[in-house]
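In: quick one: sequence plus predicted model below, questions after.
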Amino acid sequence: MPDYDVLAFGETMTMFVAEEPGDLANVEHFGKRIAGADSNVAIGLTRLGLKVRWLSRVGDDSLGRFIRATLEREGVDCSRVAIDPKHTTGFQFKSREIDGRDPIVEYFRKGSAASHLSIEHDFDDALLDVRHVHATGIPPALSDSLRELTYHLMNSARQQGRSVSFDPNLRPSLWPSEARMREEINRLASLAHWVLPGLAEGRLLTGYDTPEDIAAFYLNQGAQVVAIKLGPEGSYYRTHESEGHVSGYPVENVVDTVGAGDGFATGFVSACLEGLDVSAAVARGNWIGAKAVQVIGDMEGLPYRHELP
């Protein structure tokens with residue numbers, strides 16, 4: 001058996017979260033946390049009892065040390081986190097919102113240490129004792145070298161018989177054009193066994209409107225399962241043999257919408273790796289996504305195994 005269940009990779013930033021609502025320019029007090037879609041999933045999977053290796057790069061600075069220490073406290077293996085002596089760790093400011101509105105996030109990540117990740121750093125051994133790779137569409141948007149590494153890891157994993165999951169997690173502002181984003185993200189999706197877009201993402205990426213047609217598009221590209229997030233309504237899934245809709249879980253008080261998709265990925269991937277059927281995997285994804293929006297922070301609401309229903 002492989003030593004690790006999952007390899008995840010990408011950029012983790014230090015996040016300064018406003019402690020009171022209002023324009024970020026007027027906020028005086030912030031809490032310090034970490035943020036990153038890929039590392040959110042790494043933490044979520046670790047909390048559910050899986051062994052996760054995190055591949056990334058941070059600056060030789062206090063923010064980088066904070067990120068690594070936080071991930072290690074969560075039990076994530078950080079032996080493949082490189083220290084970059086030339087480039088700094090990225091960070092962000094996040095507003096505190098009320099009434100379930102999406103927070104404002106300001107990023108300071110251009111030229112960050114993580115954006116300099118490259119296949120030249122010889123990360124092939126990171127796949128040797130891992131049975132699954134989880135990827136998102138954020139790393140390939142950060143730099144040419146990180147996009148090349150993303151393709152390399154996903155393609156190598158698939159060729160070596162590992163399973164691969166992919167969450168598009170679109171960040172249009174990071175791409176030179178929408179057309180380029182669609183081209184690159186769909187190329188990556190074709191390397192994944194499990195593709196996990198949101199409905200709006202699927203519409204933008206495929207040009208199709210319905211969950212059924214979006215799922216068919218990715219199945220025809222090589223996916224084995226497509227699970228489409230529908231927000232409060234739950235999720236739709238489709239395989240080559242079956243399809244279905246799994247209802248969402250009601251949430252009375254939405255506190256912070258960021259991280260809901262990462263919660264879904266955590267639930268879906270963990271359940272699939274445990275051998276649950278697709279419907280049960282989608283249901284767990286819906287449940288964890290609902291948990292994630294009820295607390296402040298990107299990963300603070302991710303549950304531990306003993307909390308699973």
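Out: Great, that's in hand. Residues are numbered from 1 along each chain as shown.

In: checking residue 55 next. Helix, strand or coil?
Out: Using DSSP: H, G, I helix; E, B strand; the rest coil, the structure places residue 55 in strand.

In: next up, the contacts around the closest residue to it other than its chain neighbours.
Out: Distances taken as CB to CB, 6 or more residues apart in numbering place residue 9 nearest to residue 55, at 3.8 Å, with adjacent residues excluded. The C-beta positions use only the backbone N, C-alpha and C, and glycine is treated the same way. Going by CB atoms under 8 Å, 6 or more residues apart in numbering, residue 9 touches 38, 54-56, 117, 126, 135, 139, 149-150, 153.

In: out of those residues, which is nearest to residue 296?
Out: Using CB to CB, residue 38 comes nearest to residue 296 of the contacts of residue 9, at 20.3 Å.

In: hang on, the earlier thing: minimum pLDDT in the contacts of residue 9, which residue is that?
Out: Lowest pLDDT among those: residue 126, with 82.

In: isn't that residue right next to residue 80, touching?
Out: Yes: judged on CB atoms under 8 Å, residue 126 makes contact with residue 80 at a distance of 5.2 Å.

In: overlap in contacts, the two.
Out: 53, 55.

In: residue 199: neighbour count?
Out: Counted with other CB atoms under 10 Å, residues neighbouring residue 199 total 18.

In: got the contact list for it?
Out: Neighbouring residues of residue 199 by CB under 8 Å, 6+ apart: 211, 214, 228-231.

In: in the stretch 1-150 of the chain, which spans are strands?
Out: In the stretch 1-150 of the chain, the segments counted as strands under DSSP state E, counting those that start in this stretch are 4-9, 13-21, 30-35, 52-59, 77-84, 91-96, 105-108, 130-136.

In: could I get the ones you listed as CSV with distance to residue 143?
Out: Shown next, in CSV, are the strands of the stretch 1-150 of the chain (distance: least, CB to CB, whole Å):
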stretch, distance to residue 143
strand 4-9, 13
strand 13-21, 15
strand 30-35, 18
strand 52-59, 11
strand 77-84, 13
strand 91-96, 17
strand 105-108, 14
strand 130-136, 15
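
In: for those, which one sits closest to residue 174?
Out: Between the strands of the stretch 1-150 of the chain, strand 105-108 lies closest to residue 174; by CB to CB that is 9.0 Å.

In: direction included, what does that closest one pair against?
Out: Using DSSP bridges, the strands paired with strand 105-108 in its sheet are strand 91-96 (antiparallel).

In: tell me the angle of the strand it pairs with relative to strand 13-21?
Out: Angular relation of strand 91-96 and strand 13-21 on a 0 to 180 degree scale: 20 degrees, by axes from the mean of the first three to the mean of the last three CA atoms, to 10 degrees.

In: angle of strand 91-96 against strand 30-35?
Out: 120 degrees.

In: picking up where we left off before, more neighbours, residue 126 and residue 80?
Out: In this view residue 126 and residue 80 are compared by other CB under 10 Å, and residue 126 has more residues nearby, 21 against 16.

In: residue contacts, that one?
Out: For residue 126, the contact set (CB under 8 Å, 6+ apart) comprises 7, 9, 53, 55, 80, 153.

In: mind redoing it with 6 Å?
Out: The contact partners of residue 126, taken as CB atoms under 6 Å, 6 or more residues apart in numbering, are 7, 55, 80.

In: can you list the buried residues in stretch 147-159?
Out: Neighbour-count burial for stretch 147-159, counted by 16 or more other CB atoms under 10 Å, picks out 147, 149-151, 153-154, 156-158.
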